[in-house]
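*Asks:* Output the structure for:
(one chain, ligands or ions: 2)
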Amino acid sequence: MKIAPSILDANFGYLQRDIDSIATADRIHLDVMDGHYVPNCTFGASIFRQVEFPIEVEVHLMVENPASFFERFIDLGVMGITFHAETVDPDEIVPLLTQLKSAGVKAGICIDGYTDDDALSDEVLHTADQILIMSVKAGLGGQSFMPESLKKCQRLRNRGFKGEIEFDGGVKDHNVEAIRDAGADIVVMGSYLMKADLADRPKLISDIQNL
Ligand code: DX5
Ligand code: ZN
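*Replies:* Ligands and ions are numbered 1, 2, ... in the order given. Below is the predicted model:
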């Protein structure tokens, strides 16, 4: 199983140290929040001026008007950008995914913990490179995994989605196998890694990668 650690719960006083501690992961997951779609605010593109990322970065946009963030992250060379289906008009999803694909980044669409998978049309499934299934309500790290998210994943696979499926929220060592068996390719892990001792993180990451 691939792993994308989230730095949402990193110690921002030692952010470079925390980022370096997860450098053996497959990619880093950046949670961008604007205080509108979700109550919290995090960081924007300026984080790239403050730290260096040793591995590829994907961006999870929890913002209103996500398209207004695309260009600056594309220019910074991120490998993927994922926006929420809840934040745009349903008719806009395919054109926005197409815009991301044309820019050469992995084009992702996210459904929040309370959103059904049928919010994603067959056309969206044909266009998206990635579907991010939130297994909590977006906005905070450290919440409990919602088991019904596994069924969403199975249904999306049954509908023929062949792209990458990523899980985000409440992922711990004990639920990764169920996530994999439901058809997912990659898990985001935030508090599980960031609350662990620095020295233990590479082993926790390789244990997930070996599943
Ligand atoms: C929550 C974020 C997640 C968060 C996951 O809205 O999208 O990426 O960091 O944190 P954990 O793994 O602690 O649930
Ligand atoms: Zn996230």
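*Asks:* For the residue of the chain found nearest ligand 2, which three-state class applies?
*Replies:* Using C-beta to the ion, H60 is the residue of the chain that sits closest to ligand 2, at 3.8 Å. To be clear about C-beta, it is placed using only N, CA and C from the backbone, and glycine gets the same treatment. Going by DSSP: H, G, I helix; E, B strand; the rest coil, the secondary structure assigned to H60 is strand.
*Asks:* Use 891 as the first number from now on
*Replies:* In the new numbering, first residue 891, that becomes H950.
*Asks:* Which residues of this structure lie near ligand 2?
*Replies:* D921, H950, D1058 (C-beta under 5 Å from the ion).
*Asks:* just to revisit the earlier point, give me the beta-bridge partners of the residue of the chain closest to ligand 2?
*Replies:* Beta-bridge pairing for H950 (DSSP bridges): D921, T972.
*Asks:* Tell me the pLDDT of it.
*Replies:* On the pLDDT scale, H950 is placed at 98.
*Asks:* Quick one: residues contacting the residue positioned nearest the centre of the chain.
*Replies:* Among the residues of the chain, the one closest to the centroid is H950, at 5.1 Å (C-alpha atoms, centre = their mean). Contacts of H950 were listed using C-beta atoms under 8 Å, 6 or more residues apart in numbering, and they are S896, H919, L920, D921, V922, T972, C1000, L1022, D1058, V1078.
*Asks:* Quick one: those as TSV, columns for pLDDT and neighbour count too.
*Replies:* Shown next, in TSV, are these (pLDDT from 0 to 100; neighbours: other C-beta atoms under 10 Å):
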residue	pLDDT	neighbour count
S896	98	24
H919	98	27
L920	98	24
D921	98	23
V922	98	20
T972	99	26
C1000	98	25
L1022	98	28
D1058	98	25
V1078	98	26
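*Asks:* Report the separation between the residue nearest to the centre of the chain and L1022.
*Replies:* 7 Å (C-beta to C-beta, to the nearest Å).
*Asks:* Spell out which residues are contacts of both of the two.
*Replies:* Contacts common to H950 and L1022, judged by C-beta under 8 Å, 6+ apart, are T972, C1000, D1058.
*Asks:* so which strand or helix has the second one?
*Replies:* In this case it means C1000. Assigned by DSSP states H and E, C1000 belongs to strand 996-1001.
*Asks:* got a list of contacts for the next helix or strand after that strand?
*Replies:* For strand 996-1001, the following helix or strand on the C-terminal side (DSSP H and E) is helix 1012-1017. Residues from elsewhere that reach helix 1012-1017, judged by C-beta under 8 Å, 6+ apart: 975, 983-984, 987-988, 991, 997, 999, 1021, 1046, 1049-1051, 1053.
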